[in-house]
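*Asks:* I would like the atomic coordinates for the input below:
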Amino acid sequence: MADQTDQTVEQADEPRSSINPVVFFGSAIAIVAFAIWAMVSPDGADNAIGILMDWISRGFGWFYILLSTVVLVFVISIAASRYGKTKLGPDHSEPDFSLFSWAAMLFAAGIGTDLMFFGVAGPVTQYLAPPVGDGETIAAAREATVWTIFHYGISGWGMYALMGMALGYFAYRMNLRLAIRSALYPIFGDRVYGPLGDVVDLAAIVGTIFGIATTLGIGVVQINFGLDVLFGIPEGLPAQIGLIVFGVIIAIFSAVSGVARGIRRLSELNVWLTIGLAAFVLVTGPTLFLLNALVVDIGNYVSTFPSLTMETFAYEQPTEWLQWWTLFFWAWWIAWASFVGLFLARISRGRTIRQFVLGTLTIPFLYIVVWISIFGNTAVEMVMAGAQEFGEIAMNQPEQGFYTMLQEFPAFLVVGTLATFVGLLFYITSADSGALVMGNLSSYLKTPNDDTSAPVRIFWALAIGLLTLAMLIVGGVPALQNATVIMGLPFAFVLILVMFGLYRALRVEGIREDSREQSMPERLSGRGIGEVSRGRWSWQQRLRRSMSFPSAGEADTFLSDVALPALQEVQQELAEHEVEATVIDDSDEMGIRYIELRAAVDEESPFVYRVSPREVYAPMYAGRSMRAEDRYHRVEVHLREGGQGYDIMGFTQSQLIDDVLDQYEQHLEFIRLNEADAL
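*Replies:* As a prediction, this is how the structure comes out:
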């Protein structure tokens, strides 16, 4: 039986740019009901969350830790294997963004207001109360920032990379929906478009909204403290409600006015502002110590990573520490995997899996290492120098740690205001993009590049704000952390299925490549070597063809006079052999004409041979300079997996038929190998 991964699913009969009622209403009712219950009975919600958290941490703590390691090994192994050269898109696709722009967007994806929160509170807590051993020692100081870097490290980015390359592969290469369920198609087939797929997407939305609410809740309480210190706005629920409402209003404004470009520019501005903050602390703080500590942190992280990534503390388990740190962070990464993975997929179309994984695991992480090392070691050095009160604040009221540390630096009013502005921008962009992603996951979209309607985005912006408020009422940041661990568990099992689905799909890619190598090309099979009258070129004719630069009209004439009758001739011959085949003369979404032969040689893997013109620049040779108008039209071949990159303009009908037969026999070889592999 052929692998179902190779099937392109037709979705023309489904609603386009409309909500998926099961996923939308199911997740909406669950989230709104939970938020209302939490606000009406905060004590009851807090107790229930505490009980579930204790049960999960004791029963599934090992699972979270093992899963993070398995995912990381999986994505690195795929990138390093033969599948690493597979593109997130058709074979002929090119990256939508330059290397610099792509790197900048990956860089921005790794920065958030939570880095300000945990960049100070994390290392101080690990120094004063490490999971094992005594606190306030040199050993604790060396490990303090390493633990925080570990929790923000490549283990989490491995989860993002998994979801990003799975979503990108199935949406842009396999032409499936840009949805989590699509990654499970190789396992469950068409059932992913029924209740099973609805459950998967619903679990992704629920996990994502709790992850976003946690981030926004952390941002709200930290910004609230900053506003208190800077402008006297008192800490408390009223101010936090005001911040939540402000963020929701901006997110709604973005949804109805289409200011995505402005939000993107604000995000890019945030990157530079956060670099400026880190540089300010480095220059005005203990510079030499921080540089030395940065080198030590990198070395310690690299040397201890293998043991840290599998550390379950089986023999002396600090249960509370695990709940608040490693388990929380791994669940948080899982909850955000769909959110960030979708963003990474959208910006990475046309790149190979190897490029994608390498960029995702390194570019954002390099900045995270520098940020945590600078801010974390500055905070630890202050505590070691005698600032015990600051240490207690950073550990017990972590939302106050960042601003309390900045108060020890010059120009605090300016720097603190800048930090608050940065935090607000992170809050706004997270709320807006979170509403967009959840709207997309709960909708039917025409293409992977489309977005859901404004009303759906508005609803999810309101739902995010409502859930954030509810969790702050229940118990603040600790309640948010516990809820994230709980809600991340269902989607953790989805990650396992995503790995299986992606691996099965990539195995088909490998089989297709093997079929190309094992099928006999025309020049070896003996076809096309007859008389010149049958269509064989002389070498002079081949040279004239290579030196010609056809116009758009000539390319269109070739499609009508050569390609169409040649494919019709093959179609008729296939029909005589009882193979259902059709020839299509149509235009794509860009208005570009194409001629396509489609033959149902296999129920799950139809043969597709499409020819379509493409305008390109004329080459420079013999000192000839190229002008802007120096363009010509190639007619290129496209198969199911994308463009093949060769030009058939000028072929005779016989030569074109020979090429169709080459590709047809290769496809039959692919089916044979695929069926043999399935036995």
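*Asks:* For the rest of this, base every contact and every neighbour count on C-alpha atoms.
*Replies:* Fine.
*Asks:* Output the below-cut-off pLDDT ranges for the stretch 151-300 of the chain.
*Replies:* Scanning the stretch 151-300 of the chain for pLDDT under 70 picks out 255, 257-267.
*Asks:* ranges for the strands of it?
*Replies:* With DSSP state E, counting those that start in this stretch, there are no strands along the stretch 151-300 of the chain.
*Asks:* Repeat that for the chain.
*Replies:* 18-19, 443-444, 581-587, 593-599, 607-617, 631-639, 642-647 (DSSP state E).
*Asks:* Deepest in the core, which of those strands is it.
*Replies:* strand 443-444 (a mean of 24; mean count of other Cα atoms under 10 Å).
*Asks:* and it, what does it pack onto?
*Replies:* strand 18-19 (3 or more Cα pairs under 8 Å, 6 or more residues apart in numbering; DSSP states H and E).
*Asks:* how far is the strand it packs on from where the chain is centred?
*Replies:* Strand 18-19 sits 22 Å away from the centroid of its parent chain (Cα atoms, centre = their mean, to the nearest Å).
*Asks:* quick revisit: got TSV for the strands of the chain, with distance to Leu673 too?
*Replies:* Shown next, in TSV, are the strands of the chain (distance: least, Cα to Cα, whole Å):
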stretch	distance to Leu673
strand 18-19	40
strand 443-444	35
strand 581-587	23
strand 593-599	19
strand 607-617	15
strand 631-639	18
strand 642-647	20
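*Asks:* Columns mean pLDDT on top of these, output as a markdown table?
*Replies:* Output for those, formatted as a markdown table (pLDDT from 0 to 100):
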| stretch | mean pLDDT |
| --- | --- |
| strand 18-19 | 84 |
| strand 443-444 | 87 |
| strand 581-587 | 91 |
| strand 593-599 | 92 |
| strand 607-617 | 87 |
| strand 631-639 | 86 |
| strand 642-647 | 78 |
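*Asks:* out of those strands, nearest to Thr404?
*Replies:* strand 443-444 (43.9 Å; Cα to Cα).
*Asks:* Quickly run through the sheet partners of that closest one, with directions.
*Replies:* strand 18-19 (antiparallel) (DSSP bridges).
*Asks:* who touches the partner strand?
*Replies:* Applying Cα atoms under 8 Å, 6 or more residues apart in numbering, the contact partners of strand 18-19 are Ser442, Ser443, Tyr444, Leu445, Thr452, Ser453, Val456.
*Asks:* about what we covered before: I'd like to know which of the strands of the chain lies nearest to Gln222.
*Replies:* strand 443-444 (33.6 Å).
*Asks:* what's the closest of the strands of the chain to Ala385?
*Replies:* That would be strand 443-444 among those, by Cα to Cα, at 55.0 Å.
*Asks:* from the chain's centre, how far out does that closest one sit?
*Replies:* 19 Å.
*Asks:* Just the helices from the stretch 151-300 of the chain, written as ranges.
*Replies:* 154-168, 185-188, 195-231, 237-257, 260-284, 287-308 (DSSP state H, counting those that start in this stretch).
*Asks:* The spatially closest residue to His633 that is not a sequence neighbour: what's it in contact with?
*Replies:* Leaving aside its sequence neighbours, His633 sits nearest to Glu615 (Cα to Cα, 6 or more residues apart in numbering; 4.5 Å). Residues in contact with Glu615 (Cα under 8 Å, 6+ apart) are Ala552, Arg631, Tyr632, His633, Arg634.
*Asks:* quick check, nearest of the residues you listed to Phe500?
*Replies:* Arg634 (39.4 Å).
*Asks:* how far away is that closest one from Phe558?
*Replies:* According to Cα to Cα, to the nearest Å, Arg634 and Phe558 sit 10 Å apart.
*Asks:* anything in contact with each of these two?
*Replies:* Joint contacts of Arg634 and Phe558 (Cα under 8 Å, 6+ apart) are Met649.
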